[in-house]
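Student: A predicted structure for the sequence below; I have some questions about it.
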Amino acid sequence: MTIEKFNIEEHPHRRFNPLNGEWILVSPHRSKRPWQGQVEKVVEEKRPEYDEKCYLCPGNERIGGHVNPKYNEPYSFVNDFSALLNDTPEGAVSEDDLFVSDSVRGICKVICFSPRHDLTIPEMEVDEIKKVVDLWQKEYRELGQNEDINFVQIFENKGSIMGCSNPHPHGQIWASSMVPNEPQKESVCQKEYYQKHGRTLLSNYLEKELEKKERILIENEHFVALIPYWAVWPFETMIVSRRSLSSLDQFSEEEKVGLADIYKKLTIMYDNLFEVSFAYSAGIHQAPTDGEEHPEWHFHMHFYPPLLRSATVKKFMVGYEMLASPQRDITAEGAAKRLRSLSPIHYKKSK
């Protein structure tokens, strides 16, 4: 009897995510299945630079009745329909360890990336994106100084497939009195690693990834974009700072330019994959703002895109993935190889 040797590129296996302590099932053999679905391209609507009906465009009235200033740089405001409120009264429920709840305070804000309605991050200039990073830094500092705020979650939902109801380029900030589930998992894992090794988890991880080169997508002086070894989504990526920075608060001017540069290049790569304005949810994970020192935290930005095979075919989290464990067919290495093969010039400019 011949005993076949295990091959990580061919055989089912699971990969460990040291950032959150969870596992993912990888089934590379399934990616060889013939695809019989549709792969047509999407005809994208051409948007105007200014839309008089858009509640995020400069000078327009928002749904809540407030009027936007005629801004010409990134602009933030308190969400008219916030999920969190800063005047929520203190309260809690606890019955038999089965019915438990706590009141939560917070502030939700919207950040308009540009006054132009027709742009997205990959179509903006680096200096324009740098102004978005400037505003992120300002908001993180100011919101974090609020004694009721213990975590500032900055994120962007791009595309209707990700629930984005307005195509005007924008992101959000939900700052809360509690540390939410995902960053809380990362807090625990990063602290345990730091206490054991004396370095941040992502410092050591990035060092090893740069040696291997298998999953690296883009590098600049201050940041690296890569597909994590433990990625769940088909083309999931992560931007990691080279320097062990715990938050935006520690960024130099050069590092803010570096983040803007790699943010643009990565999203151009995404758009070029299926020649469509690529949908994703992206968000920054950084140190809590609870007044404590967090040397274990290492700044990084997650990108979770749903598209799988074309501009119209997405990956669904269903069945086994909802009931048991996340699963993917295309390996992180295969996805990285495909993204690296793309032109660095945005597809709209190369036609």
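Tutor: Perfect, thanks for sending it. Numbering: from 1, shown residues only.

Student: before we move on, what SS does K109 have?
Tutor: Under DSSP: H, G, I helix; E, B strand; the rest coil, K109 falls in the strand class.

Student: Return the set of residues that bridge with it.
Tutor: Counting by DSSP bridges, K109 is bridged to V78, I173.

Student: Enumerate every residue touching it.
Tutor: The contact partners of K109, taken as C-beta atoms under 8 Å, 6 or more residues apart in numbering, are S76, F77, V78, N79, E139, L143, Q172, I173, A175. C-beta coordinates here come from the backbone N, C-alpha and C atoms, glycine included.

Student: so after whatever helix or strand the last one lives in, what's the next helix or strand?
Tutor: Element membership of A175, judged by DSSP states H and E, is strand 170-176. Proceeding C-terminally, strand 170-176 gives way to helix 181-197 as the next helix or strand, assigned by DSSP H and E.

Student: Which helix or strand lies directly C-terminal to that next one?
Tutor: helix 201-212.

Student: what angle sits between that next one and helix 181-197?
Tutor: Helix 201-212 and helix 181-197 are oriented at 80 degrees to each other (axes from the mean of the first three to the mean of the last three C-alpha atoms, to 10 degrees).

Student: So which bits of helix 201-212 are buried?
Tutor: L201, L202, S203, Y205, L206, E209 (16 or more other C-beta atoms under 10 Å).

Student: tell me which of those residues is nearest to I63?
Tutor: Closest approach between the buried residues of helix 201-212 and I63, by C-beta to C-beta: L202, at 39.5 Å.

Student: which of the contacts of K109 count as buried?
Tutor: Of those, these count as buried by 16+ other C-beta under 10 Å: S76, F77, N79, E139, L143, Q172, I173, A175.

Student: With distance to K131 and pLDDT as new columns, can these be given to me in TSV?
Tutor: As requested, those are exported to TSV (distance: C-beta to C-beta, whole Å; pLDDT from 0 to 100):
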residue	distance to K131	pLDDT
S76	12	98
F77	16	97
N79	21	95
E139	13	98
L143	18	98
Q172	17	97
I173	16	98
A175	20	98
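
Student: how about those in JSON lines, adding distance to P228?
Tutor: Output for the buried ones among the contacts of K109, formatted as JSON lines (distance: C-beta to C-beta, whole Å):
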{"residue": "S76", "distance to P228": "30"}
{"residue": "F77", "distance to P228": "33"}
{"residue": "N79", "distance to P228": "30"}
{"residue": "E139", "distance to P228": "26"}
{"residue": "L143", "distance to P228": "28"}
{"residue": "Q172", "distance to P228": "23"}
{"residue": "I173", "distance to P228": "24"}
{"residue": "A175", "distance to P228": "26"}
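
Student: of all the residues you listed, which comes closest to S281?
Tutor: Checking the buried ones among the contacts of K109 one by one against S281 (C-beta to C-beta), the nearest turns out to be Q172, at 10.5 Å.

Student: if I look at that closest one, how far off is N220?
Tutor: Remark: distance between Q172 and N220 (C-beta to C-beta, to the nearest Å) = 26 Å.

Student: Likewise for A92?
Tutor: In this view, A92 and N220 are 47 Å apart by C-beta to C-beta.

Student: so what's S244 up against?
Tutor: Here S244 is in contact with R199, T200, L202, S203, H298 (C-beta under 8 Å, 6+ apart).

Student: can we see that at 10 Å?
Tutor: Y194, R199, T200, L202, S203, L206, Q250, P295, E296, W297, H298, F299 (C-beta atoms under 10 Å, 6 or more residues apart in numbering).

Student: I'd say the fifth one and H197 touch.
Tutor: So that's S203. Yes: using C-beta atoms under 10 Å, S203 makes contact with H197 at a distance of 9.1 Å.

Student: Tell me the predicted confidence for Q36.
Tutor: Predicted confidence (pLDDT) for Q36: 43.

Student: likewise the one 10 residues further on?
Tutor: On the pLDDT scale, K46 is placed at 87.

Student: Name the nearest residue to it, ignoring sequence neighbours.
Tutor: D118 (7.6 Å; C-beta to C-beta, 6 or more residues apart in numbering).

Student: For the one you found, grab phi and psi.
Tutor: Torsion angles at D118 (phi, psi; degrees, to the nearest 10) stand at phi -100, psi 0.

Student: Same question for E22.
Tutor: Dihedral angles (degrees, to the nearest 10) for E22: phi -120, psi 170.

Student: That one: how many residues sit nearby?
Tutor: 15 (other C-beta atoms under 10 Å).

Student: can you pull out the strands in the stretch 151-300 of the chain?
Tutor: Taking DSSP state E, counting those that start in this stretch, the strands of the stretch 151-300 of the chain run over residues 151-158, 170-176, 216-219, 223-226, 237-241, 280-285, 300-304.

Student: okay if I get those as JSON lines plus distance to H11?
Tutor: Listed next are those as JSON lines, based on distance: least, C-beta to C-beta, whole Å:
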{"stretch": "strand 151-158", "distance to H11": "35"}
{"stretch": "strand 170-176", "distance to H11": "40"}
{"stretch": "strand 216-219", "distance to H11": "24"}
{"stretch": "strand 223-226", "distance to H11": "24"}
{"stretch": "strand 237-241", "distance to H11": "25"}
{"stretch": "strand 280-285", "distance to H11": "30"}
{"stretch": "strand 300-304", "distance to H11": "26"}
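
Student: closest to I268 out of those strands?
Tutor: Using C-beta to C-beta, those put strand 216-219 closest to I268, at 9.6 Å.

Student: So for that closest one, what gets flagged as buried?
Tutor: Neighbour counts over strand 216-219 (16+ other C-beta under 10 Å) mark I216, L217, I218 as buried.
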